Structure formats: C-alpha cells, structure tokens
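# sequence and computational prediction follow.
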Amino acid sequence: MEKIEIIGTVAAILTTGSFVPQVYKTVKEKSTKDISLTMYTAMFIGVALWFVFGVSIQSISMMLANGITALLLLIMIGLKLKYK
C-alpha cells in the first residue's frame, strides 16, 4: 500500500467514524428535531459523488469511506423522515 493511500485510509476512518455517534444517538433517542434534512441530503449527494470519483481513480480508501458514509447518511435521512 502506498504512503498516500495509508493517509487516505486514516482520513477515511476518522471522517466516516465521526458519523457513527450521531447515528447511534438518533437511533437511541428516536429524535431528529435538531437534525437538518437539507444538510444531510446535500452531504449524501456530495459523498455519493466522491464515491463515484473514488471508483474512477480506483482508490479503495475513497470508495470505502464514502460508501460507508453514504450508508450512514441514508440511515440518518431515513430516521429524519421516520421521526419527523
């Protein structure tokens, strides 16, 4: 693995992991009143585009990070719609 890919992997773990506590808290409390649907939707679109870019340059770290983050964002969007 190249040095730059290792840096990308560490960045991926940190940025993707940052969403996990929010998803956990939202599932536990069943409350999304302080969550912006617009922000999470825009973030999902951006992350999905980063995923496509990662595929095009064949970057495993970019694909994994953005694929997992997109899934977490979709969960949050679903919870937002469920617990309006």
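That came through, no problem. It should be emphasised that the depicted structure is a prediction, and the values quoted were computed from it without experimental measurement.
# can we go C-alpha only for contacts and neighbour counts from here?
Will do.
# residue contacts, the residue sitting nearest the centre point of the chain?
With distances taken as C-alpha atoms, centre = their mean, residue 69 lies nearest the centre of the chain, 1.9 Å away. Counting by C-alpha atoms under 8 Å, 6 or more residues apart in numbering, residue 69 makes contact with 16, 19, 47.
# and if we set it to 6 Å?
residue 16 (C-alpha atoms under 6 Å, 6 or more residues apart in numbering).
# which strand or helix spans it?
Here residue 69, judged by DSSP states H and E, is contained in helix 60-82.
# averaged pLDDT, that helix. What do you get?
Taken as a whole, helix 60-82 has a mean pLDDT of 93.
# nearest spatial neighbour of residue 76, skipping sequence neighbours?
Excluding its sequence neighbours, the residue lying closest to residue 76 (C-alpha to C-alpha, 6 or more residues apart in numbering) is residue 23, at 6.3 Å.
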